[in-house]
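[1] What follows is a protein structure lacking sequence information:
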């Protein structure tokens with residue numbers, strides 16, 4: 001059941017470097033496991049909400065929409081270890097994904113929390129129910145997934161950032177195997 005869906009996602013997400021295919025497949029398997037897991041635990045799972053009652057959603061962007069997006073006004077992607085990433089945390093992401101996420105967020109009045117552009121074109125945002133319906137019907141959006149916790153414990157969705165000793169590494173850096181924690185061995189977390 002998962003194999004045709006996984007293959008379709010891999011093909012839709014564009015070319016992936018051969019050495020990154022294993023990581024991409026692993027990440028997509030975790031993502032799909034969380035999707036189907038949420039379906040079976042929907043009565044037990046608790047949605048992740050902010051102080052305004054909005055629910056966290058992963059918004060997967062349509063691959064063709066990303067490829068067609070003009071990155072007008074977006075600077076070229078920086079390297080993951082560039083010092084400017086401390087100020088502009090999305091600056092190392094693909095400019096087309098940044099532009100498309102910005103355009104969607106401006107249109108639907110939301111703000112991206114996280115972003116991924118090298119394995120899966122996506123961003124996450126806290127959304128009101130009316131925003132969810134509108135964004136789901138947007139042809140530039142391929143799918144949406146709510147963030148949820150397991151009963152009795154916090155279980156972050158797979159696209160969340162990782163924090164260790166006061167330092168944070170974004171999910172996108174983890175996904176492509178870039179670990180820039182101080183004193184890190186060079187291996188992904």
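    Yep, it's here. None of these values were measured; they are calculated from a predicted model. Numbering: from 1, shown residues only.

[2] Look at residue 75 and say how many residues are nearby.
    Around residue 75 there are 11 other residues, counting by other CB atoms under 10 Å. Any C-beta I mention is one placed from the backbone N, CA and C, and that applies to glycine too.

[3] Distance check, it against residue 47.
    35 Å (CB to CB, to the nearest Å).

[4] ok so residue 115 is a helix residue?
    No: with DSSP: H, G, I helix; E, B strand; the rest coil as the criterion, residue 115 is assigned strand and is not in a helix.

[5] Could you list the low-pLDDT ranges of this protein?
    Counting by pLDDT under 70, the chain contains low-confidence ranges at 1-44, 150-168, 171, 173-175, 177-189.

[6] Helices along the protein, start to end?
    In the chain, the helices defined using DSSP state H lie at 2-12, 21-41, 63-68, 95-108, 129-136, 171-175.

[7] Count the neighbours of residue 82 for me.
    Residue 82 - counted by other CB under 10 Å - has 12 other residues nearby.

[8] Quick check, it in contact with residue 88.
    No: the criterion here is CB atoms under 8 Å, and residue 82 misses it with residue 88 at 9.2 Å.

[9] From residue 82, how far out is the nearest residue to residue 58 once chain neighbours are set aside?
    In space, and not counting its chain neighbours, residue 58 is closest to residue 145: 4.4 Å by CB to CB, 6 or more residues apart in numbering. Separation of residue 145 from residue 82 (CB to CB) stands at 30 Å.
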